[in-house]
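**Q** below: sequence and its predicted model.
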Amino acid sequence: MRQIGDMVWVARNRYQEFTQVCPDCLGTCAAEITLANGDKHSIACGMCDPGGYTGSTGYIMRTQTKIEARQMEISAIEATREKTTYRFYDWSCDEVFDTETEALVVAEKMRLEKEDYDHKRMIWAKEHRDRTWTFECSYYRRQISDAKQTIAYAEARLNIAKAKAKEPAASPDRGEGDAA
Ligand SMILES: [Zn+2]
């Protein structure tokens, strides 16, 4: 049974952020998309886009985890039916240890769990982004296709005389879009 004032070892992970060249666009800020029909497009890279108005930056933020065991003095103990929480002057946790080695083993386990979680999240985010990119691509392609139809229609409307000259016996509604 631990008591207030006991010196114990606690397991901690410290995180340090660092920047890395974007693994998807290699710093070019552009992502190449190949559709099932073989058409290739390049759009703004989503991996290194932090959101907001900045746009793709070409680099991403990564976190490095350092394990740590620290000897600290218990300043308060809170026990509920489910768990016991130990408080220290700038920290709190549910598990404390007698030796530095025990604390380091648990810190390493925490690091691996965090790494696993980050990895799964990254894979999920990447799949999600790929779907978004394909959607973005399809959206622009549709915009272009619609715009081309509008242009073809507008051009035909501006060339009624030519269409009529070619085909004097055309019916009144002739010449709408069917320029070929
Ligand atoms: Zn990128």
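**A** Great, that's in hand. Residues are numbered from 1 along each chain as shown.

**Q** remind me what the helix of greatest length in the chain packs against, helices and strands.
**A** Longest helix in the chain by number of residues, with DSSP state H as the criterion: helix 100-157. Applying 3 or more CB pairs under 8 Å, 6 or more residues apart in numbering; DSSP states H and E, we find helix 100-157 packed against strand 7-21, strand 30-34, strand 40-44, strand 59-73. Any C-beta I mention is one placed from the backbone N, CA and C, and that applies to glycine too.

**Q** immediately after that helix, which helix or strand?
**A** Downstream of helix 100-157, the first helix or strand assigned by DSSP states H and E is helix 160-166.

**Q** what residues does the protein have near the ion?
**A** 22, 24, 25, 45, 47, 48 (CB under 5 Å from the ion).

**Q** pLDDT-wise, what's the bottom of those residues?
**A** Lowest pLDDT of the residues of the chain next to the ion: residue 47, 83.

**Q** give the contact list for the residue lying closest to that residue once chain neighbours are set aside.
**A** Once its chain neighbours are removed from consideration, residue 47 has its nearest residue in residue 24; the separation is 3.8 Å (CB to CB, 6 or more residues apart in numbering). Under the criterion of CB atoms under 8 Å, 6 or more residues apart in numbering, the neighbours of residue 24 are 31, 45, 46, 47, 48.
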